[in-house]
Each structure stands twice: as structure tokens, then as C-alpha cells.
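Engineer: Sequence and predicted structure are below.
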Amino acid sequence: MNLANRTLLVLAAAFGFAAQAGAEPVRITILHTNDHHGRFWRNADQEYGMAARKRLVDEVRAEVKAQGGHVLLLDGGDVNTGVPESDLQQAEPDFRGMSAIGYDAMAVGNHEFDRTPAVMRRQRLEWSTFPWLSANVYQGGRRMFLPYRIFRLGTVRVAVLGLTTEDTMKTLSRQRFPGVEVRAPAGEAAKLVPRLRRKADVVVAATHMGHYVDGRHGVSAPGDVELARAVPGIDLIVGGHSQNPVCMLDAQHRNDDYQPGDPCAPDRQNGAWIVQAWEWGKYVGRADFEYEAGRFSLVRYALLPVNLMKRGTGPDGRPVKLPPETRTEEDAGLLALLGPYQRKGADKLLVPVGRLDDGFDGERRNVRSRPTHLGRLVTASMIDRTGADLALVSGGGIRDSLPAGEVNYGHLLRVLPFGNHVVVVTLSGEQLETYLRAALRMTPGSGAYAQTTGVSAAMEGNEPKQLRVQGRPIDPARRYRLALSSFIARGGDGYPAFSRQEIDDTGFTDVEVLRGFIAARPGLSTRDFEPDRDAATESAASPASR
């Protein structure tokens, strides 16, 4: 018996599914995922993947149906961008896979805007059999998406309201999407929730906004906690964007060391439960409710792991697999659907680029909180191609690690999946110092955290001191050339924006620049990219995840 079945037996007993005297409550199970980011196929350790997810979801549906209950399957957005096999195929396998699994609705994430409007239209209208929901994304003064959808589960009407983070305005291309604005989610929700409470018995918000403990969102836009506090009348918030399992130790502390199979207690704010299932389909969140006499009560909550390994629990801190009986078999039909996409994508990615003597760490929590070898490698390649004096990228733009040994094109696309161009701006010393002070103040732990080459600074708290470029104090009268990603140069992640006239676009994508750098230098080692040589020292400020 696998972990899902054993969990369900426990849940069935706890919920009191046996017949009771008089009218029984309506039992509603809400399943949820978020931040899929192209992971339609299992990874090298045989973890997650949509085929195993489908089998797990089908098992839950069958069990709930047998007990007379109803299931709603929701996603918190960001299906796009992250794995090259998916990126090269415009996430077609991912949306077709979600349709095959039977999702009921999805919140629109900021990365749904990574493609062109034409691709977005195909994703939404051709490959998705479920609605994309967002009440607060407008174009030309009109909503771009359905704001909500009402589902009837037995005798209960459940309204699902979609909301999208204001961080979207930091990442979308305004040339591709002219006239798009993302209004404050809480403001739109405040207008709609009272109306939905008249139309429905239960109000669920499917959001892509992030969970920030006690509302401490740092440089990110306000998230689910702030939404719940600002707008009464929401019963459940199914979230995404911050990519963490929302499992609370207490009201002020989240269990950021959560391991598969551990108990998970959702956050609770102003009468609303808040849930999030980490990322990539690693978990399917399961929230079991009873609706009776106008009361919507949470009976049990769990994160169901999709063939995950426990991290750091084996010898030398290596991951270990969970027992075989806890593993979920893959659905044969979905494997048959997705297999050709995986093979097609893989064929394009196996072209060798070069060799590395060491692995370069791109772990999310590291590149977003301190200078790293990989951040130095990426920015050094930009200086090499452009001849700039210094280079800067945001840690959130680095999405994976590079292994030791042979590196292929697919490895590089996992590290830099967004297709940003390398651009150069020329600044006076005074302008450069102003810009660097803003850049180096970006909150450690956020996607905006700066990875650099050619810059040094002593950090006092969150304030950079003793700024130097190439080891020398900045000369106010000198002109400096700064290499950036096009995303940062446009003002992405909250950086100061340059005008189009100030930006010299090289026409090279960041991944092509990195590819050429590695190909020309076989045997690169982390010793060549020590962060403490000229990168900013780590700030003592506390992380604020985005």
C-alpha cells in the first residue's frame, strides 16, 4: 500500500465517513499544486513528474467519490519556464498534461507572460481545458482573464477567484504586452468577495502572490497573508509564487525545513486557511473540508509527496529514497502522451558544450542570499564577451546548478532559462555608484539579490560601503561600462530602469554568452571564481523569499 492510500485510510477514519443520524455534511476535498515551471517529466532521481501526479490525484478522487465526497483540483500558477525540454516546446506538454490530469482552474502566474501573446493564447485556449483565472490583470482597461469561476460540488457552490502578484510588472515585457497593468490584488478582491459570498457558499482564492510569514514580504509585492488580513470573507487561499511548503510551526514561524511525510499545519489568517505545495509538482496538497449549516470546516490537511526523497538524511547528508511502498506508480496513458515531448526536447539538449572540473552551485537559497561561484561564472562570461568593467545579474535569474564533468546545452538552459540578452550601459562614476548602492541593497533571500563580478563592497547591515570596481575606488569623473541582463536593465526585480536609448543590446542571449565562455575554457574550476575576491560580502539582513 503506497503512502497516498495509507494517508487516505487515516483520513477516512478521522473524517467520520460512516453514516450519521440526520443530514450529513457535504465533504469537499481541494487538491492543489503550484509553480510547476516545466517539470512535466520525472527528474534523474525519479522524483515527481506529471504521470505520477496523475496516478496520485486519481487515487484521491476514487477514494473521495466512494465516500460520497467531491474533489476540486486547483493550481497556483507559473506553469511556464524552468526546464529546457518544456521551454523549447512552449510548455505544450505541461498544459496538455494538466488537462489530462483534470485540473479545474489555475491562477495566472507572472511567468505566464514569459512567452508572446500568440503563444499565451495557444496555451490558454488550445492546450488548456481549464480556465486561467485572474481578477486583477488588465489590458487597455479590461480584464485579460476570467476573474472567477463557480463550481457546484453536490449542493455546495464554490467560487474560485484568481489573483496575480503585482511582481508581474517587474518581469513582463511591456513591448510584448502593451497596456497591461496588474492592479492591487486586495483591492480587486475587496470588490469581488462580497459579491461572490452572495453567489456562492464557499469562496476560495487561487493566487500567485507568495506566502510571507506574518506579512513580511520584503522587496516582493504583498502576498497571501496580507490578502487574508485585508479582505474578510475568504475561506481558503491556494497559493504559489514564493515556492515553499506552507507548514506552520506557530503563527509567526514556518517550518522551512519541512521533509516529505512530516505533518503540515496550514497558516490561518482572518478566518482564511492559507496553503501552498512548494513547487514543481513535488507535492499534491490535500485539504479535506466539511460544509454543514453554512460552516466550512477544515478536518484534515496533508502534503502528499510525489515520489520525493528525504533531503540530507543519508550518509554525508545525501538524499535518501522513501520506502518502496510509499512510491506512486506512473499513469501509463499520461506517460504515452508526454514521452514524445520528452524525447523531442532531450534530442535538442544533448549537444556537448565543454567540461567543468567542479560543480557550480545554483541552489535557490544560495544564489538569492550570498555571492556564489556560479554567479561569478555567469557575470564573468558577460564581461568577457562585452569588455565591460563590471557585470551584474539577479540571483532569481539563475535557476539551477552546473554539474562537474561534461556540460551540455540543456544544463545551461536550466541555469539561464529566460532568454535574456546581455546589454551594456555606460555610466559616469557618480551614476554608477548610485546604481550599485541600489543594487547591493536588494534583500538577501529575494530574487533581486545581486550576483556580480568586478565589484567589491563592505556591507554594514544593508548599506554598501567602500565601493570599488576592479579593486579601485570609483572615479566620479570616469565613464564605466556595466554589463547586465536585459531583464535587469529594463527595471526587472525592482532595479532602477534605463531608457531604451541608454541600453546597448549586444544581441547575444545570456545562455549563448555562457556557452561560448565555457567552450573556450575546458576544465574551469570554482577556484577560478571565488566570490570573496571581488563580490559584495553577504549582508546580515534576514532573508525574505520571493
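Structural biologist: Yep, that arrived.

Engineer: By mean pLDDT, which helix or strand of the protein comes out lowest?
Structural biologist: When the helices and strands of the chain are compared on mean pLDDT, DSSP states H and E, helix 3-15 comes out lowest with a mean of 43.

Engineer: Just after that one, pick out the following helix or strand.
Structural biologist: Heading C-terminal from helix 3-15, the first helix or strand you meet, by DSSP states H and E, is strand 26-33.

Engineer: packing partners for whatever helix or strand comes next after that next one?
Structural biologist: Using DSSP H and E, the helix or strand that follows strand 26-33 towards the C-terminus is helix 50-66. Judged by 3 or more CB pairs under 8 Å, 6 or more residues apart in numbering; DSSP states H and E, the packing partners of helix 50-66 are helix 3-15, strand 26-33, strand 70-75, helix 92-101, strand 283-292, helix 332-349. Every residue, glycine included, has its C-beta placed from N, CA and C.

Engineer: Switch these over to JSON lines; also include distance to Lys199 and mean neighbour count.
Structural biologist: Output for these, formatted as JSON lines (distance: least, CB to CB, whole Å; neighbours: other CB atoms under 10 Å):
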{"stretch": "helix 3-15", "distance to Lys199": "28", "mean neighbour count": "17"}
{"stretch": "strand 26-33", "distance to Lys199": "17", "mean neighbour count": "25"}
{"stretch": "strand 70-75", "distance to Lys199": "16", "mean neighbour count": "23"}
{"stretch": "helix 92-101", "distance to Lys199": "26", "mean neighbour count": "23"}
{"stretch": "strand 283-292", "distance to Lys199": "16", "mean neighbour count": "22"}
{"stretch": "helix 332-349", "distance to Lys199": "35", "mean neighbour count": "15"}
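
Engineer: Could you list the low-pLDDT ranges of this structure?
Structural biologist: For the chain, applying pLDDT under 70 flags the ranges 1-22, 219, 311-319, 321-322, 324-325, 532-546.

Engineer: tell me the domain boundaries of it?
Structural biologist: The chain breaks down by automatic domain parsing into domains covering 28-343, 352-529.

Engineer: Do you have the strands of the stretch 301-450 of the chain handy? List them.
Structural biologist: Along the stretch 301-450 of the chain, counting by DSSP state E, counting those that start in this stretch, strands occupy 309-310, 320-321, 352-356, 390-394, 405-408, 421-428, 450-453.

Engineer: Dump the ones you listed into CSV; add distance to Leu514 as well.
Structural biologist: Output for the strands of the stretch 301-450 of the chain, formatted as CSV (distance: least, CB to CB, whole Å):
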stretch, distance to Leu514
strand 309-310, 29
strand 320-321, 33
strand 352-356, 9
strand 390-394, 11
strand 405-408, 10
strand 421-428, 10
strand 450-453, 13
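
Engineer: Extract the C-alpha set from stretch 517-527 and format it as CSV.
Structural biologist: Extracted C-alpha coordinates of stretch 517-527, given in CSV (Å, rounded to 0.1, in the frame of the first residue of the first chain):
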residue,chain,number,x,y,z
PHE,A,517,32.8,31.1,-22.3
ILE,A,518,32.8,27.5,-21.1
ALA,A,519,33.5,26.1,-24.6
ALA,A,520,36.7,28.2,-24.9
ARG,A,521,38.0,27.2,-21.4
PRO,A,522,37.8,23.5,-20.7
GLY,A,523,38.3,22.5,-17.1
LEU,A,524,37.0,25.5,-15.3
SER,A,525,37.1,25.2,-11.5
THR,A,526,35.4,27.0,-8.7
ARG,A,527,38.9,28.1,-7.6
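
Engineer: Name the surrounding residues that touch it.
Structural biologist: 353-360, 373, 377, 380-381, 384-385, 407, 412 (CB atoms under 8 Å, 6 or more residues apart in numbering).

Engineer: repeat for stretch 164-182
Structural biologist: Counting by CB under 8 Å, 6+ apart, 77, 107-111, 113-114, 116-117, 134, 136-140, 144, 183-185, 207-210, 220-223, 241, 487, 490-494, 546 sit against stretch 164-182.

Engineer: same check, this time on stretch 366-380
Structural biologist: Stretch 366-380 is touched from outside by 358, 360-362, 391-393, 395-396, 398, 401-402, 415-416, 444-447, 449, 451-454, 483, 510, 514, 517, 524, 526, 529-532, 535-538, 543, 545-546, with contacts defined as CB under 8 Å, 6+ apart.

Engineer: Filter the residues you listed down to the ones in helices?
Structural biologist: Within those, residues falling in helices by DSSP state H are 415, 510, 514, 517.

Engineer: wait, doesn't the third one sit right on Ser381?
Structural biologist: Yes: applying CB atoms under 8 Å, one finds Leu514 in contact with Ser381, separated by 4.8 Å.

Engineer: More neighbours: the two, which one.
Structural biologist: Leu514 (28 against 25; other CB atoms under 10 Å).

Engineer: mind checking how far that one is from Lys170?
Structural biologist: Between Leu514 and Lys170 the distance is 23 Å, computed by CB to CB, to the nearest Å.

Engineer: still on that earlier bit, ok, of the contacts of stretch 164-182, which come out buried?
Structural biologist: Among the contacts of stretch 164-182, the ones that count as buried by 16 or more other CB atoms under 10 Å are 77, 107-111, 113-114, 134, 136-138, 144, 185, 207-210, 220-223, 241, 487, 490, 492-494, 546.

Engineer: Let's see which of these end up in strands.
Structural biologist: Counting by DSSP state E, the part of those found in strands is 107, 137-138, 207-208.

Engineer: which one among the residues you listed gets closest to Asp347?
Structural biologist: For those, the minimum distance to Asp347 (CB to CB) is 32.2 Å, reached by His208.

Engineer: give me the number of residues near Gly419?
Structural biologist: Gly419 sits with 15 neighbouring residues when counted by other CB under 10 Å.

Engineer: can you pull out the strands in the stretch 151-300 of the chain?
Structural biologist: With DSSP E, counting those that start in this stretch as the criterion, the stretch 151-300 of the chain has strands spanning 156-164, 180-182, 202-208, 236-238, 248-250, 253-254, 267-269, 272-275, 283-292, 295-305.

Engineer: Strand partners (parallel or antiparallel) of the first one?
Structural biologist: In the sheet containing strand 156-164, its partner strands are strand 148-153 (antiparallel), strand 202-208 (parallel), by DSSP bridges.

Engineer: buried set for the last one?
Structural biologist: By neighbour count, with 16+ other CB under 10 Å as the criterion, the buried positions of strand 202-208 are 202-208.

Engineer: ok, what's across the strand from Ala105?
Structural biologist: Beta-bridge partners for Ala105, by DSSP bridges, are Leu74.

Engineer: residue contacts, it?
Structural biologist: Counting by CB under 8 Å, 6+ apart, Ala105 touches 74-75, 130-133, 149, 160, 162, 206.

Engineer: Would you mind listing which of the residues you listed are buried?
Structural biologist: Buried among the contacts of Ala105 (16+ other CB under 10 Å): 74-75, 130-133, 149, 160, 162, 206.

Engineer: What distance do you get for Gly239 to Glu430?
Structural biologist: Distance, Gly239 to Glu430, using CB to CB: 43 Å.

Engineer: Of those two, which one has the most company?
Structural biologist: Shown here are Gly239 and Glu430; by other CB under 10 Å, Gly239 has more neighbours (33 against 13).

Engineer: so who does His70 touch?
Structural biologist: Listed by CB under 8 Å, 6+ apart, the contact partners of His70 are 26-29, 64, 153-154, 156.

Engineer: Tell me the bridge partners for it.
Structural biologist: Per DSSP bridges, the residues bridged to His70 are Ile28.

Engineer: now stretch 288-299, how far from the chain's geometric center?
Structural biologist: Distance of stretch 288-299 from the chain centroid (CA atoms, centre = their mean, to the nearest Å) equals 30 Å.

Engineer: List of residues touching that stretch?
Structural biologist: So stretch 288-299 is contacted by 11, 14-15, 23, 25-30, 69, 156, 201-202, 235-236, 266, 273, 287, 300-301 (CB under 8 Å, 6+ apart).

Engineer: Can you give me the end-to-end span of that stretch?
Structural biologist: Start and end residues of stretch 288-299 are separated by 6 Å (CA to CA, to the nearest Å).
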